[in-house]
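A.B. asks: compute the structure for the input listed below.
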Amino acid sequence: MKPPEISFVVRERFGVGESPVWDAEQQRLLWCDIPAGVIHALDVASGARQRWHFHEPVPSFGLAQGGRLVVALRRDVVLFDPETGARELVASVSHAKSEMRLNDGKVGPDGAFWVGSMDASTDGAPAAKLYRIGADGTVRVIAEGLAISNGLAWNADATRMYHSDSRGSMWLDCWDFDAATGAVGNRRRLRDNDEANGRPDGGACDMAGTYWSAGPSASRINRFSADGDLLGWVDVPLRLPTMPCFGGADMRTVYVTSLDSKMADEGLDGVVRFRVDVPGVPVGRFGR
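C.D. replies: Predicted coordinates:
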């Protein structure tokens, strides 16, 4: 793959810029700043910006029916109406440790919100989990014993779900997926990453079955085959990229968020974009 031309969409420092989501209906890019508790929206044509404040961490979110957003907070998942500011509680989870919170989340092809938690402590065994939150508020625990649940993405025909852990052995797993029921099975380990190759953070899939994974420890976006083989990577001008997402009218623009580089040079922070040959898998909407 020829190195793409990369440009900044936003030059701005975020505490933890995360969860980029492309809204095809409004042709805008959304992302969150986790510790600031803010969701940002950018009209890519006009440059107009909007911000919504939640006054607690916003780890991730997704699109929902009726123009709303499904938003993960510290322990709650809510439906949020950007037009009115109204919130509706969907579900809550209980964390095993007081300092834990929810983390990476995405709407799956089944219309549910899949979201994991994170356990950044060194006190005992990792206690984070991966949950499936149904539109009716049902909560199903999918996996346990995680440190930092991350990397959720689905392939084009919704038969595979990818999931990673960003701490410890830093693995990437794959599950067989049933879009009709949200059932998963046949979990298998695709690969173990390391700091040099880029610990696995947020992920996205393209229509050819390639899994794109942010590697913040290596300042790049890794490209893996459906079976976990490293096909290549894109070096990005961000010190700590956190997640890629596909967008644009043809879904061939990759947007990448980043967390605070802690560097004096502001040029290592923000949101960047680059073009690719294969379009990405469109994101789902919460509920049916």
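A.B. asks: for C32, which non-adjacent residue is closest in space?
C.D. replies: Nearest residue to C32, sequence neighbours excluded (Cβ to Cβ, 6 or more residues apart in numbering): V58, at 4.5 Å. The way it works is simple: take the backbone N, C-alpha and C, and place the C-beta from them, glycine included.
A.B. asks: over to G284?
C.D. replies: V107 (4.3 Å).
A.B. asks: what sits against the one you found?
C.D. replies: Going by Cβ atoms under 8 Å, 6 or more residues apart in numbering, V107 touches 62-64, 70, 113-114, 283-286.
A.B. asks: thought V256 was touching V272?
C.D. replies: Yes - V256 lies in contact with V272 (Cβ atoms under 8 Å); the separation is 5.2 Å.
A.B. asks: joint contacts of the two?
C.D. replies: 236, 238.
A.B. asks: what about the two, which has more around it?
C.D. replies: V256 (29 against 22; other Cβ atoms under 10 Å).
A.B. asks: return the residues in contact with the more buried one.
C.D. replies: So V256 contacts 20, 214, 221, 236, 238, 241-244, 271-273 (Cβ under 8 Å, 6+ apart).
A.B. asks: can you name the residues bridging to it?
C.D. replies: Assessed by DSSP bridges, V256 has beta-bridge partners P244, V272.
A.B. asks: mind listing what S60 touches?
C.D. replies: When contacts are counted by Cβ under 8 Å, 6+ apart, S60 touches 18-19, 32, 71-72, 102-106, 115.
A.B. asks: for the nearest residue to it once chain neighbours are set aside, which three-state class applies?
C.D. replies: Once flanking residues are discounted, S60 sits nearest to G105: 3.6 Å by Cβ to Cβ, 6+ apart. Three-state call for G105 (DSSP: H, G, I helix; E, B strand; the rest coil): strand.
A.B. asks: quick check: G105 vs S117, distance?
C.D. replies: According to Cβ to Cβ, to the nearest Å, G105 stands 10 Å off from S117.
A.B. asks: shared neighbours of the two, which are they?
C.D. replies: In contact with both G105 and S117: no residue, using Cβ under 8 Å, 6+ apart.
A.B. asks: distance check, the closest residue to A208 other than its chain neighbours against D206.
C.D. replies: Of all residues beyond its chain neighbours, the one nearest A208 is V278 (4.7 Å), with distances taken as Cβ to Cβ, 6+ apart. Distance, V278 to D206, using Cβ to Cβ: 5 Å.
A.B. asks: more neighbours: those two, which one.
C.D. replies: Neighbours around V278 and D206, counted as other Cβ under 10 Å, are more numerous at D206. The numbers are 23 against 12.
A.B. asks: by residue count, which strand of this protein is the longest?
C.D. replies: Ordering each strand of the chain by length in residues (DSSP state E) puts strand 183-192 first.
A.B. asks: check contacts around R28.
C.D. replies: Neighbour list for R28: 22, 41-44 [criterion: Cβ under 8 Å, 6+ apart].
A.B. asks: give me the distance between it and A204.
C.D. replies: R28 is 17 Å from A204, by Cβ to Cβ.
A.B. asks: correct me if wrong, but G267 is in a strand.
C.D. replies: No - G267: not assigned to a strand; according to three-state DSSP it is helix.
A.B. asks: understood, closing this out.
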